[in-house]
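A.B. asks: Fold the following for me, if possible:
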Amino acid sequence: MARYTGPKEKIERRLGVKLFLKGERSYSPKSAMTKRPYPPGAHGNKLAGKRRLSEYGQQLQSKQKVKNMYRMLERQFKNLVQESMKSKDESTNLIVEKLESRLDNVVFRCGFAQSRDQARQIVNHGHIVVNKKKVDIASSNVKKDSMISIREASKKLPYFSNLMPQWFAQHEPPSWVSVDKASFTAKINGRPAINESGVEAKDLRSIIEFYSR
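C.D. replies: Residues are numbered from 1 along each chain as shown. Down below sits the predicted model:
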């Protein structure tokens with residue numbers, strides 16, 4: 001499946017907001033949004049703060065922001081939003097719940113990876129076990145009471161034995177996930193909430209308006 005493979009920080013500069021797509025680098029002074037907080041291109045610096053978006057432009061920007069935050073393709077994201085809009089539940093809450101319940105995001109929230117791209121790679125390579133079964137589909141939905149762990153054979157790999165411990169001990173998961181840092185396991189305790197997702201309610205409303213056209 002085709003995916004954007006260009007500079008991730010270029011997406012952030014174009015949208016004018018940090019999406020933390022580069023893991024630890026996103027928090028450092030080396031971050032492109034810190035060094036060059038204006039749109040990419042020869043005239044990006046001159047355009048900073050001068051762009052005025054129409055209502056449609058604001059809706060499009062909100063969609064691009066959230067879609068890129070969760071590293072999804074347009075068709076995937078559109079289907080998820082439209083399915084949420086058909087439900088009798090509150091659409092904004094349901095969109096966040098569906099996004100946060102994706103396996104790649106759950107792996108990221110557990111602290112097994114520093115970015116969602118890294119988490120997707122871990123899942124795709126078969127290193128993640130859900131309820132004692134290996135799952136290698138990043139878009140899989142993880143339900144409440146599910147147990148997430150690292151495949152036993154994978155724990156010996158340099159990534160899990162040397163690299164991950166550098167940040168894992170300090171990682172703070174959201175309230176709906178409990179992590180046992182000694183055994184590298186996690187449990188889904190509840191439903192994801194907007195206030196812990198990093199997604200703004202106004203962006204969700206704009207996304208619903210965008211796909212309602």
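A.B. asks: Rounded mean pLDDT for the longest helix along the chain, please.
C.D. replies: Using DSSP state H to assign secondary structure, the helix with the most residues in the chain is helix 55-69. Helix 55-69 carries an average pLDDT of 93.
A.B. asks: what is the mean pLDDT for the next helix or strand after it?
C.D. replies: The C-terminal neighbour of helix 55-69 among helices and strands, as given by DSSP states H and E, is helix 74-86. Averaging the model's pLDDT scores along helix 74-86 yields 95.
A.B. asks: Skipping its backbone neighbours, what lies nearest the most centrally placed residue in the chain in space?
C.D. replies: Of all residues in the chain, the one closest to the mean position by Cα atoms, centre = their mean is Tyr70, 3.3 Å from it. By the measure of Cβ to Cβ, 6 or more residues apart in numbering, the closest residue to Tyr70 outside its immediate chain neighbours is Leu99, 5.2 Å from it. (C-beta placed from N, C-alpha, C; glycine too.)
A.B. asks: Just want the angle from the one helix or strand that neighbour maps to to helix 74-86.
C.D. replies: Assigned by DSSP H and E, Leu99 falls within helix 91-100. Relative orientation of helix 91-100 with respect to helix 74-86: 140 degrees, computed using axes from the mean of the first three to the mean of the last three Cα atoms, to 10 degrees.
A.B. asks: outside of helix 91-100, which residues touch it?
C.D. replies: The set of residues that contact helix 91-100 without belonging to it, under Cβ atoms under 8 Å, 6 or more residues apart in numbering, is 66, 70, 80-81, 83-85, 87, 105-106, 109, 141, 176, 191-194, 197, 199, 201, 204-205, 207-208.
A.B. asks: From those, keep the buried residues only.
C.D. replies: Neighbour counting over these (16 or more other Cβ atoms under 10 Å) leaves 66, 70, 80-81, 84, 105-106, 109, 176, 192, 194, 197, 199, 204, 207-208 as the buried ones.
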